[in-house]
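Student: sequence plus predicted model, see below.
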Amino acid sequence: MATLSIVLPSYNEEQNIANTAKVLAELLQQEQIDYELIFVSDGSRDGTYQEILKAARQDARVKGAEFSRNFGKEASIFAGLQLAAGDAVIVMDCDLQHPPEVIPQMWKLWNEGYEVVEGIKTSRGKESFLHRCFAGGFYRIMSSLIKMDMNASSDYKLLDRKVVNVLLELPEKNTFFRALTFWAGFKTASVEYEVQERAYGESKWSFFSLMRYAVTNVTSFSTLPLQLVTVLGIIAILFSVILAVQTLVKYLTGTAVEGFTTVILLILIIGGFIMLSLGIIGHYLARIYEEVKGRPRYIISKVTDNITGNVIGSWKRQS
């Protein structure tokens, strides 16, 4: 009988663990789906891992791991994929903003032969205007980069075991899971859902953390920002030529005004372009530096007793 693994990245979610495990277990048992739930505590500062341990004692199909510190959601997802033993794996949020009712649809499509089932948002739920505009701009950029519509995409998706294996074999450390599933290809279907309100707690994502997450993902997946440096250079050259022609004409016609305004403006504009370009290049150098060091995506410090395997990330089970 085929088994479904559900990976649930968790950061300071102690209020949600027990409820999420209960809701998913009831649904999957009702649908007669053999399952395992894998909670990954991303260096949580509250009692998240203790709640995972409690849930694992109550249900042997609940498994969990805890990072030695906060490594980020991408690391949590890949750690969960590494721990998953199912024939198919679903990644979803621990707070149930990804509605569990969609899981049977995903499972049905997988049984029909689809290898990737994307969760597509029909509604983004309650978001600030600034956050909505920023998210819309980010996904439009990413859609143009990978030539696929990511405007309504999410981390909520089902992957066949062969797709999971492909993603785990990628040597890169800085990953963008949401885009990599598009990039990998395979036979894909989609299901629609509406983002639900959190049952407990508040979102851990601030505007600035989302911005940092977006910048990291763009630079890890695309070289477009580097190409932007060339564009800025061309714009600076054109602006300088236009300004030079204007200044020469005024000089020849005797209408030139003495002063440093033009020079100062020119220095400020070109200097701004140079600093922005150096910042973009520096960000890519940082990504290269991180990849060259070869450090693991995450370090697991603790796992529940029902986790199998010898080596997971940098953690090694003692024999």
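Tutor: Great, that's in hand.

Student: apart from its neighbours in sequence, what residue is nearest S277?
Tutor: In space, and not counting its chain neighbours, S277 is closest to V229: 4.3 Å by C-beta to C-beta, 6 or more residues apart in numbering. No exception for glycine: its C-beta is placed from N, CA and C like everyone else's.

Student: where does that neighbour land in three-state SS?
Tutor: Classification of V229 using DSSP: H, G, I helix; E, B strand; the rest coil returns helix.

Student: gap between it and I288?
Tutor: 16 Å (C-beta to C-beta, to the nearest Å).

Student: C-alpha coordinates for the host helix or strand of K121, CSV please?
Tutor: According to DSSP states H and E, K121 maps onto strand 116-123. The C-alpha trace of strand 116-123 is given here as CSV (Å, rounded to 0.1, in the frame of the first residue of the first chain):
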residue,chain,number,x,y,z
VAL,A,116,3.8,17.0,-9.1
VAL,A,117,0.5,18.5,-7.9
GLU,A,118,0.8,22.2,-7.3
GLY,A,119,-1.4,24.0,-4.8
ILE,A,120,-2.7,27.2,-6.5
LYS,A,121,-4.1,30.1,-4.4
THR,A,122,-7.4,31.5,-5.4
SER,A,123,-7.2,33.9,-2.5
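
Student: now that strand: average pLDDT?
Tutor: Summarised as a single mean, pLDDT over strand 116-123 is 81.

Student: what sits up against that strand?
Tutor: The contact list for strand 116-123, computed with C-beta atoms under 8 Å, 6 or more residues apart in numbering, reads 92, 98, 102, 105-106, 109-110, 152-154, 156-160, 163, 181, 184, 186-195.

Student: contacting residues for the residue nearest to S277?
Tutor: The neighbours of V229, taking C-beta under 8 Å, 6+ apart as the test, are 277, 280-281.

Student: same check on V91?
Tutor: By C-beta under 8 Å, 6+ apart, V91 lies in contact with 6-7, 9, 77, 80-81, 155-157, 159, 177.

Student: tell me which of those fall in helices.
Tutor: Of those, the ones assigned to helices by DSSP state H are 77, 80-81, 177.

Student: list only those of those flagged as buried.
Tutor: Neighbour counting with 16 or more other C-beta atoms under 10 Å marks 77, 80-81, 177 as buried within the ones in helices among the contacts of V91.

Student: hmm, back to that, mind checking pLDDT for the residue nearest to S277?
Tutor: pLDDT at V229 comes out at 70.

Student: that one and A286, how far apart?
Tutor: 15 Å.

Student: flag every buried residue along stretch 33-45.
Tutor: Quick answer for stretch 33-45 (16+ other C-beta under 10 Å): 33, 35-44.

Student: in which helix or strand does R295 reside?
Tutor: Per DSSP H and E: nothing holds R295, as it lies in no helix or strand.

Student: just checking, it touches K173?
Tutor: Yes - between R295 and K173 there is a contact at 7.0 Å, judged by C-beta atoms under 8 Å.

Student: neighbour-wise, which of the two wins?
Tutor: K173 (19 against 11; other C-beta atoms under 10 Å).

Student: now that one, what's its secondary structure?
Tutor: coil.

Student: list phi and psi for it.
Tutor: Main-chain torsions, K173, degrees, to the nearest 10: phi -100, psi -40.

Student: could you do V40 as well?
Tutor: phi -120, psi 110.

Student: quick one: contacts for it?
Tutor: V40 touches 7-10, 64-67, 76-77, 79-80, 83, counting by C-beta under 8 Å, 6+ apart.

Student: could I get those in JSON lines, plus columns for distance to V116 and pLDDT?
Tutor: Putting those into JSON lines (distance: C-beta to C-beta, whole Å; pLDDT from 0 to 100) gives the following:
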{"residue": "V7", "distance to V116": "15", "pLDDT": "92"}
{"residue": "L8", "distance to V116": "19", "pLDDT": "92"}
{"residue": "P9", "distance to V116": "19", "pLDDT": "91"}
{"residue": "S10", "distance to V116": "24", "pLDDT": "88"}
{"residue": "G64", "distance to V116": "26", "pLDDT": "89"}
{"residue": "A65", "distance to V116": "24", "pLDDT": "89"}
{"residue": "E66", "distance to V116": "29", "pLDDT": "88"}
{"residue": "F67", "distance to V116": "26", "pLDDT": "88"}
{"residue": "S76", "distance to V116": "20", "pLDDT": "88"}
{"residue": "I77", "distance to V116": "15", "pLDDT": "89"}
{"residue": "A79", "distance to V116": "20", "pLDDT": "88"}
{"residue": "G80", "distance to V116": "17", "pLDDT": "88"}
{"residue": "L83", "distance to V116": "20", "pLDDT": "87"}
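
Student: nearest to I242 among the residues you listed?
Tutor: I77 (48.7 Å; C-beta to C-beta).
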